[in-house]
Every structure is written in structure tokens, then in C-alpha cells.
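Asker: I would like to see how this sequence folds:
(one chain, ligands or ions: 1)
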Amino acid sequence: MQIMKILVLNCGSSSLKYQLIDMANETALAKGLVERIGIDGSRLEHKRDGGEKTQIVQDIPNHEVAVGLVMEALQHADYGVIKDVSEIKAAGHRVVHGGEHFTKSVIVTDVVKATISECAALAPLHNPANLIGIEACEKLMPGVPQVAVFDTAFHQTMPEKAYLYAIPYGLYEKYKVRKYGFHGTSHKYVAARTAEMLGKPIEQLKIVTCHLGNGASVCAIDGGVSVDTSMGLTPLEGLVMGTRSGDMDPAAVAFIMEKEGLTTKQMENMLNKESGVLALSGVSSDFRDIEDACAQGNERAQMALDVYHYRVARYVGSYAAAMNGLDAVVFTAGVGENGPETREAICSYLGYLGIKVDNEKNAVRGKERDFSAEGSTAHAMVIPTNEELVIARDTLGLCK
Ligand code: ADP
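Answerer: Below you'll find the model as predicted:
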């Protein structure tokens, strides 16, 4: 029998998310999460498809121990799904930053690892953790191919006019300072599903995908390729997010640092972790809390949502201009999939693009749906993202 099981790993600095996917039918056999690696209270949460959640609380000092625990859980007599590690054909790893080096997924080699390490200058929090995950797998699954799937790769098709910043050109030449964009696997998956749902070739479609989670970005996809996206050199640019500011006057950064006597690290921390709807609302970075506060008449919470919706709508409009047209605007990720109110508020700005919302159809959470009303000339849709499946498909494709 052909081995079709792919392990998908997403390593953060202190966490590890995993799925074991059977590519014979593209279903997740098991999924789980290791949290607080190297910190007190570390634990693994594992769930077999159709089974109960199992929690294992124990000391997990590093990623190698974490990957080892994942292997044990996958092979466990009660809640495991494989008899032996040899049933895993390959492992696919999410890697955040591939710089200009990677335009698609690749099999991991020593050269690939060195390049990922080089790109860590652009993503100091993410790339080192991604590499640690790859190396832990190499040790624990010797001989099993590892594939790196980059958040940035899908956006490498952006033209120069979209990715260059208007700053001294030498900064691009020396340090590769430019727009890269993130959430590429999600935008790619959602655009492909849009074409399938509409029953049209993707080459003929102009799509704007809105990935609205804790982090959020919008992508203009013309004929199946990314032509612009809202995140930049780092994930800070673009939309207002849970705790990130998104776009603002760069001069305000220097002004605030000077007034408040902040170091670059402190300023970076403020813009990434203490801003966004959290800062505007004064309530929370979680949209459920903000919507609850609105329902109780909290005006700042409503203002935070207004700023958030307006920014997304402006990006959709600018991307319709960039593509000279729009066939579909598509919502995905935590807020996009679960927030009918958010989708409706954003779409209320888009009537001039031919979008009209059918409120009944829009009353959906976490399911695929075209919620445009009759008479719309462009589609408004919700499509739950599946980044793990894209990683697994790319991995299988490279290991056949
Ligand atoms: P991440 O970027 O961490 O992957 P997700 O895509 O899981 O984020 O999105 C997380 C966000 O989704 C939460 O912060 C929350 O605001 C939002 N969210 C989740 N469920 C709901 C819901 N039922 N209604 C509104 N917002 C939700």
C-alpha cells in the first residue's frame, strides 16, 4: 500500500501545532498543540479525528522533546492513529519568511536551512523557531523527507511597483527592504476554493481575499497570482489587527519614541503587541469581547470596530483598482469565518463594486458560503481557510 500520511508542523518560539493528514482522502487523522515549551506548565493537547481531547502535562524543555511527544501521541495505543513512524511519508513545515529566495515550497537540504537562517534577519521571532522544528524532526525521523512551505512564497509574483518602498534604493539592494507579504498559504487556498465554488477557471478571476484572524491581511489575486498584499517587510503593515497598528505615518514612530523616550525594541513591542483594536477599544484584542462590549453600549469598542472595518474596506477598494475589476471578495480566518457582523459592515462600503449582501445567507459561521444577494455583480463569500492542507499537498507533491 502506498504511504500517504503527511505530518504538518507549525513551530512557534514556545509552541508547536501539528496535524497528521491522510492524503488518500485529505482528512486530518489527528491534530494537536504543544504549548509553553521551555516554560513552566508545558503541555500537549492531542485529538484523534472523532475522538476526545487528551491532555499530557509534563516538563517539555525544548522542541526536540515536543516533537518526540507528538510522535508518542500519534503512536499511542489508546488515542494514537499510526503503529509506527515509518507510516509517515514526509513532514511539511510552515516557515514564515523565505525572503526573495523561495517562490515555492522546497525539500529541506543544508543549503535550504542556511537560507532560512539567513532570512531570520527579516523574521527574528519566527524563522529560528521554524528551523528548530525542522532540525528536531530530522533527528527523530531520520530519512523522512522534510519540506519547507513559506508564508511569503505565494506573494513573490508581486510586481516591483507593488513591492518597492519609496526609500533610498540602496536599502533594497543592501538589506532587501521591501514588501513581502504573509499568510500566503491561506490566500492561495482560499482563492483556489473560490474558483472551484464559482465553477470558473482561476485564470479568469479577480479576487480579493481577506484573512482576518489575530493577524490580518488582504491580498489581490489576479488570474490566480498574488499581485499585491497588505502586510509588508514584516506582518506589521496594512490592516488594523488584534494588537498590531497596521499602516500609519512613519514619522509618528520617531515622534512617539522621542516624546516617550522609547528604545526601538520598546517601540516595536508597542506597535506589535499593544496597539490595534486592543488599544483602540481598551477592552480586548478578541473580537468576541469587543462585540460584547459594543452590545453593552461601549462607544470606544464600537469606534475600534469602525476603524477596523473602514481599513479593510479601503484595502479592498484599492485592490479592485489595482486589478481594474473585482469578481469576488472572500473572507477567511477566525474573524472572517465567524463574524457575520464584520463581513456585513465591511461589505456595506462595497456597493459601488457590485457587492450586495444577503443577510440570511451571511448568517453563517465556519462554513463555505456565497452570501451575495441576487443582483450582485461581484460575489461576497466566506471560505474557512486550511493552511495545513496546502502544506500537506505541497509536501506530497515534492515527495512523490
Ligand atoms: P490566528 O491569527 O491566531 O490564527 P485565528 O484565525 O484563529 O487567529 O483568529 C482568532 C480571532 O478570531 C480571535 O481573536 C477572535 O477575535 C476571532 N473569533 C474567533 N471566533 C469568533 C467568533 N465566534 N466571533 C467573532 N470572532 C471570533
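Asker: What is the longest helix along the chain packed up against?
Answerer: Identified as the longest helix of the chain according to DSSP state H is helix 299-323. Contacting helix 299-323 under the criterion 3 or more Cβ pairs under 8 Å, 6 or more residues apart in numbering; DSSP states H and E are the following elements: strand 206-212, strand 216-222, strand 225-229, helix 276-281, helix 287-295, helix 340-347. All C-beta spots, glycine's among them, are computed from the backbone N, C-alpha and C.
Asker: Distance check, Ser316 against Leu236.
Answerer: To be clear, residue 316 is Val; Ser isn't right here. Using Cβ to Cβ, to the nearest Å, Val316 is found at 20 Å from Leu236.
Asker: so which of the helices and strands packed on helix 299-323 comes closest to the ligand?
Answerer: The ligand sits nearest to helix 287-295 of all the helices and strands packed on helix 299-323, at 3.3 Å, using Cβ to the nearest ligand atom.
Asker: returning to that earlier point: quick one: the longest helix of the chain to strand 206-212, angle?
Answerer: Relative orientation of helix 299-323 versus strand 206-212 (axes from the mean of the first three to the mean of the last three Cα atoms, to 10 degrees): 150 degrees.
Asker: In CSV, list the helices and strands packed on helix 299-323 along with mean pLDDT.
Answerer: Listed next are these as CSV, based on pLDDT from 0 to 100:
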stretch, mean pLDDT
strand 206-212, 98
strand 216-222, 98
strand 225-229, 98
helix 276-281, 97
helix 287-295, 96
helix 340-347, 98
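Asker: How many neighbouring residues does Ser259 have?
Answerer: In this structure residue 259 is Lys, not Ser. Lys259: 8 surrounding residues under other Cβ atoms under 10 Å.
Asker: just checking, it is part of a helix?
Answerer: Yes - counting by DSSP: H, G, I helix; E, B strand; the rest coil, one finds Lys259 located in a helix.
Asker: Tell me how far the residue of the stretch 101-250 of the chain found nearest the ligand lies from Ala345.
Answerer: Closest to the ligand within the stretch 101-250 of the chain is Gly213: 2.5 Å, counting by Cβ to the nearest ligand atom. For Gly213, the distance to Ala345 (Cβ to Cβ) stands at 17 Å.
Asker: Residue numbers of the stretch 101-250 of the chain in contact with the ligand?
Answerer: 213-215, 242 (Cβ under 6 Å from any ligand atom).
Asker: Emit the PyMOL select command for whichever of these are buried.
Answerer: Restricted to buried positions by 16 or more other Cβ atoms under 10 Å, the PyMOL selection for those reads:
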select buried, resi 213+215+242
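Asker: For Val208, which residues are in contact?
Answerer: Listed by Cβ atoms under 8 Å, 6 or more residues apart in numbering, the contact partners of Val208 are 218-221, 315-316, 319-320, 326, 328-330.
Asker: Test my guess that Ala162 contacts Val227.
Answerer: Yes - if you go by Cβ atoms under 8 Å, Ala162 and Val227 touch, sitting 6.3 Å apart.
Asker: between these two, what contacts are shared?
Answerer: Ala322.
Asker: Determine if any part of the longest helix of the chain is in contact with the ligand.
Answerer: No - under the criterion of Cβ under 6 Å from any ligand atom, the ligand is not reached by helix 299-323; the shortest gap measures 10.6 Å.
Asker: Relative to whichever helix or strand comes after that helix, what are the paired strands and their orientations?
Answerer: Next in sequence after helix 299-323, counting helices and strands by DSSP states H and E, comes strand 328-332. Using DSSP bridges, strand 328-332 pairs in its sheet with strand 206-212 (parallel), strand 379-382 (parallel).
Asker: Give me the angle between the longest one and strand 225-229.
Answerer: This points to strand 206-212. Computed by the same axes, to 10 degrees, the angle separating strand 206-212 from strand 225-229 equals 60 degrees.
Asker: ok so, going back, between Val316 and Leu236, which has more neighbouring residues?
Answerer: Between Val316 and Leu236, counted using other Cβ under 10 Å, the more crowded position is Val316 (23 against 18).
Asker: Next, the contact list for that one, please.
Answerer: By Cβ under 8 Å, 6+ apart, the residues touching Val316 are 208, 210, 218, 326, 329, 346, 349-350, 353.
Asker: I'd like to know which of those are buried.
Answerer: Among the contacts of Val316, the ones that count as buried by 16+ other Cβ under 10 Å are 208, 210, 218, 326, 329, 346, 349-350, 353.
Asker: Return the member of these nearest to Lys89.
Answerer: Closest to Lys89 out of the buried ones among the contacts of Val316 is Cys210 (33.8 Å), distances taken as Cβ to Cβ.
Asker: hey, what's that closest one bridged with?
Answerer: Val218, Phe331.
Asker: wait, isn't it in contact with Val329?
Answerer: Yes - at 6.8 Å, Cys210 and Val329 qualify as touching, with contact defined as Cβ under 8 Å.
Asker: wait, what's in contact with Val390?
Answerer: 149, 185-186, 188-189 are the contacts of Val390 under Cβ under 8 Å, 6+ apart.
Asker: Just the pLDDT for it.
Answerer: With respect to pLDDT, Val390 has a value of 95.
Asker: Ile6 should be in a strand, yeah?
Answerer: Yes - counting by three-state DSSP, Ile6 falls inside a strand.
Asker: Look up how far Thr332 lies from it.
Answerer: Per Cβ to Cβ, Ile6 is found 22 Å from Thr332.
Asker: re the thing from before, go through the helices and strands packed on helix 299-323 and name the closest to Glu100.
Answerer: Going by Cβ to Cβ, the one of the helices and strands packed on helix 299-323 nearest Glu100 is strand 225-229, 14.2 Å.
Asker: Listing partners with orientation, what would you give for the closest one?
Answerer: Assessed with DSSP bridges, strand 225-229 is paired to strand 216-222 (antiparallel).
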